[in-house]
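> I need the structure of the sequence given here:
(chains A and B)
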Amino acid sequence: MMRSIGWPLVIIASALGAGLMMFSNTVSPLRPVLIFWFLLICPGMAFLRLLRLQERLTELTLAIALSLALDTIVAEAMISARLWSPQAGLVTLIGLSIGGAVLQIIQALEVARQNFRRQRRRA
Amino acid sequence: MGPLEESLRPAKSNIQRQKELLQGAIRPISIGIKQWSIEGRITWSAALGSLFPVVGAILLWAASLQSIDPRRMNDLGLVSVLPLSAHAAFLILIIGFGLAIHQQQTPEPILLLYVVTLIFMIHGTPTILYGTLRYSWAWKHIGIVDYIQRYGSVDPGISYMSVYHNWPGFFALNALVTEAAGVKSALSYAAWAPVFFNLMDLAALLLIFKTFTSDQRLIWLGVWFFYLTSWVGQDYFAPQAMNYFLHLVIIGICLKWFSVTTIPSATTIKRWLVFDRAAALFDRVVRRGAPVETPAAALRPSQRASLITIIILLFVAIASSHQLTPQMTVIAIGLLVIFQRCSARSLPILMAVLTVTWFTYMAVIFLNGHILEDIIESFGRLTGNLNGNLINLAQVSEGQRIVALVGRGLTASLWGLAVLGGIRRLRQGCWDLSVGLLAFGAFAMLAGNSYGGEILFRVYLFSLPFMAFFAASVLYPSPASGASWRTAVMTIALSCALLGGFFFAYYGKDRQYYFTKEEIDVAQYLSHIAPPNSLLIEGTNNYPSRFLNYEYFTYVPIVLESKETREEIVDHPVEVLSRWLDNKRYAATYLMITRSQKIQIDTFQEMPPGSLDKIEQALIQSGKFKVIYATADATLFTLADEASGAKP
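Numbering: from 1, shown residues only, chains lettered A, B, ... in the order given. Model prediction:
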């Protein structure tokens, strides 16, 4: 159970940390590191883990690719619509990431509930 | 015997197992169940020995960097200043890798460490040594990011570098990253782009190669060869670098999860192809081409739908960021679908629709102005498109002639090895249809477009992973082969030869690609003082330029003028250039001459060697021009009576 919700918790913490850093305009060497980490991994990983691919390297590869694609599409949509706002872009990606992470937690709880029922039936 | 069954066998004595391992009798060990078996423990203890060469190579490489002065590079580029210790570091790494890969039981993390170290050593060397962003086009890409940061939009009709405004995805992403990270500009991280993109490509290559074979030696040697031959330099801070990774991931997903499980019946194929012979040949090829070593991963319908959605999202990012990569992706996936290697049959059509939509809707201005003419002119001109990519060896310096020849030799060697490897795999009963299709499919683009004289390099790049896989097959064509120590020696020798060629081909132009802080200072100063609608005359565009307020300028590189005009400038620089700068249509006029411009002129000899030095001296001595900012490596001029913005 803890293993299943480990990633969602990391994603939520990263998303909140990235938002906090940007909106408080923090000047710290930690800020670029956290932002790079968040934009490179989190939006993709938030959804990828819902697929339960079971292979860590493959999951990470696809998560990076999907994150880059989502980041690009969000940024591209803003400039195409002439609504450029890095804050709004980051909020969108934070929302997507937290949404995906919450779905992962719900999925993990559902699996745990089913396992519990199965065990009870066997008992 | 499957891995699970093998792990459940009664344990043999350690001595017996050691003997079997030494004789190569035990098949490759994958990461997983076996890590906990007796073989696993033996493997890890032996693997520790494999770490020593990596550590030694890193230490030696780091120490060698201290003694390198990039200013002393000659016409052969960075390789001319690499000390013996740097070469020794690479040699140690190659020997270590050759031995590690030969031992079938080497754990994958060890092999991963070798490849990651190779990437750092190859691509980290210029980044660390120069301390500035390498390659002039990378600076121009920073300029587009800067434009988006300032305007929050793009201008598809802009007169200079409009292609980037029509495919702005990568630049928009970097504007977002820069703003969110709170860094001053994309310059803060762009120099590390080659290391970053090559590391990402590694993950995608592993995803792909693991669908071709289960032999980890072939997988990792293929990856290794990829990095030793990836010399075309499309891994810098550029849209194509990101898109290349996304392209590889799409191929990986298709091969891993959308492999065709049931080949259509002979009757169906006959209905498609009409002619009996064609149908029989096609039927034979697609049936034999099915991978025997790696079955397709099973998918639930929801997983399948999600993966298709992911592919579409990746492709949208590609289509909005680069004009060539979508075409390469459509060709690659199209071939996999046609030859029954990919079951997502509607994907190529959907991708083609997305590509055409972007071309005709979002990039219509650029399409009308540039691409349509280029496509019409170059379509079907196979030899013309090919020749446009190769430099005229008679018109370059001696060093660059060697660099160009080594690059061509490296390409021919890899392709030659790939053909040999393909034949060896075929003789082992592995048809590798997917690898062959992806290796040769990219060549179709040669008939379609010259891509501004770069298509051959792009074709090489897109076919490279698959050519590298075939090249590695020369040494390890099947899991049962390559047990002899001769194979290890051959791996080391071949790696040394390829790396030697790579050093010349990849680092060979670094005298032009390296920019000093003194050059950057002057370029930065000009970007800060120049008002909008300024005229900038420059020797060439090979210097750190267009990275700040780039749209303020009209650029006139002397080297792009006609031969007569260039001769006139060299003969009468003061008269011609004072006339050019005395142009009231512009708010301000400038002329910049830098060290790297001079190097390019002397290398490609578009003007007599030393021309820019001669022009610079004549302008200084004339009294008609005023130097408004100068460093050891760059001089910024304006007309003497226009020097209001002069630096005290």
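
> going forward, measure contacts between C-alpha atoms and count neighbours the same way
Fine.

> Which secondary structure state does residue 98 sit in?
No chain was given, so I picked chain A. Secondary structure assignment for A:I98 (DSSP: H, G, I helix; E, B strand; the rest coil): helix.

> Go ahead and confirm it touches A:A13.
No - at 9.1 Å, A:I98 does not count as touching A:A13 under the criterion of Cα atoms under 8 Å.

> Just the pLDDT at B:G32, thanks.
Reported pLDDT at B:G32 in the predicted model: 37.

> and if you look at B:P10?
Taken from the predicted model, the pLDDT recorded for B:P10 is 39.

> again, but for the one 4 residues further on
Per-residue confidence at B:N14 stands at 39 (pLDDT).

> Quick check, B:P465 in contact with B:L228.
No - here B:P465 does not reach B:L228: they are 11.2 Å apart, not a contact under Cα under 8 Å.

> Show me the strands in chain B, by range?
If DSSP state E is used as the criterion, the strands of chain B fall at B:534-538, B:553-557, B:588-594, B:625-630, B:634-639.

> any idea which of these is most buried?
Of the strands of chain B, the one with the most neighbours on average (mean count of other Cα atoms under 10 Å in any protein chain shown) is strand B:588-594, at a mean of 25.

> elements contacting that strand?
The helices and strands touching strand B:588-594, judged by 3 or more Cα pairs under 8 Å, 6 or more residues apart in numbering or on different chains; DSSP states H and E, are strand B:534-538, helix B:573-581, strand B:634-639.

> need the ones you listed in a markdown table with distance to chain A and mean pLDDT, can you?
Listed next are those as a markdown table, based on distance: least, Cα to the nearest Cα, whole Å; pLDDT from 0 to 100:
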| stretch | distance to chain A | mean pLDDT |
| --- | --- | --- |
| strand B:534-538 | 26 | 97 |
| helix B:573-581 | 36 | 96 |
| strand B:634-639 | 32 | 96 |
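
> closest one to B:P126 among these?
When the helices and strands packed on strand B:588-594 are compared for distance to B:P126 using Cα to Cα, the nearest one is strand B:634-639, at 21.5 Å.

> Can I get the closest one as CSV, trimmed to CA atoms?
In CSV, the C-alpha atoms belonging to strand B:634-639 read as follows (Å, rounded to 0.1, in the frame of the first residue of the first chain):
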residue,chain,number,x,y,z
ALA,B,634,35.6,41.2,-30.6
THR,B,635,35.3,44.7,-31.9
LEU,B,636,32.1,46.7,-32.2
PHE,B,637,32.1,49.7,-34.6
THR,B,638,29.8,52.4,-35.6
LEU,B,639,30.3,55.5,-37.8
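
> and it, what does it pack onto?
Contacts of strand B:634-639 with other secondary structure elements, assessed using 3+ Cα pairs under 8 Å, 6+ apart, are made with helix B:517-529, helix B:573-581, strand B:588-594, strand B:625-630.

> Using JSON lines, lay out those together with distance to B:L84.
Supplementary listing: these in JSON lines, determined by distance: least, Cα to Cα, whole Å:
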{"stretch": "helix B:517-529", "distance to B:L84": "27"}
{"stretch": "helix B:573-581", "distance to B:L84": "44"}
{"stretch": "strand B:588-594", "distance to B:L84": "31"}
{"stretch": "strand B:625-630", "distance to B:L84": "36"}
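
> quick one, which of these is nearest to B:A412?
Closest to B:A412 of the helices and strands packed on strand B:634-639, according to Cα to Cα: strand B:588-594, at 36.1 Å.

> Adjacent strands (with direction) for that closest one?
Next to strand B:588-594 in the sheet, as set by DSSP bridges, lie strand B:534-538 (parallel), strand B:634-639 (antiparallel).

> now the first one, how far from the centre of its chain.
Mean C-alpha position of strand B:534-538 versus that of the full chain (Cα atoms, centre = their mean, to the nearest Å) differs by 31 Å.

> orientation of that strand relative to helix B:517-529 in degrees?
Counting by axes from the mean of the first three to the mean of the last three Cα atoms, to 10 degrees, strand B:534-538 points 160 degrees away from the direction of helix B:517-529.

> Contacts for strand B:534-538, please.
For strand B:534-538, the external contacting residues (Cα atoms under 8 Å, 6 or more residues apart in numbering or on different chains) are B:552-558, B:581, B:586-593.

> try stretch A:115-123
By Cα under 8 Å, 6+ apart, no surrounding residue is in contact with stretch A:115-123.

> C-alpha coordinates for that stretch, PDB please?
What follows is the C-alpha trace of stretch A:115-123 in PDB, where atoms were taken according to Å, rounded to 0.1, in the frame of the first residue of the first chain:
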ATOM      1  CA  ASN A 115      -7.400  -7.500  -1.600                       C
ATOM      2  CA  PHE A 116      -8.900  -7.100   1.800                       C
ATOM      3  CA  ARG A 117     -12.300  -8.500   0.700                       C
ATOM      4  CA  ARG A 118     -10.500 -11.400  -1.100                       C
ATOM      5  CA  GLN A 119      -8.600 -12.300   2.000                       C
ATOM      6  CA  ARG A 120     -11.700 -12.100   4.200                       C
ATOM      7  CA  ARG A 121     -13.600 -14.300   1.800                       C
ATOM      8  CA  ARG A 122     -10.700 -16.900   1.900                       C
ATOM      9  CA  ALA A 123     -10.600 -16.700   5.700                       C
END
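
> okay, now B:T178: neighbour count?
Neighbours of B:T178 under the rule other Cα atoms under 10 Å in any protein chain shown: 24.

> residues in contact with whichever residue of the stretch 401-550 of chain B sits closest to chain A?
The minimum distance from the stretch 401-550 of chain B to chain A, using Cα to the nearest Cα, falls at B:P465 (16.7 Å). By Cα under 8 Å, 6+ apart, the residues touching B:P465 are B:L205, B:G222, B:V223, B:F226, B:A439.
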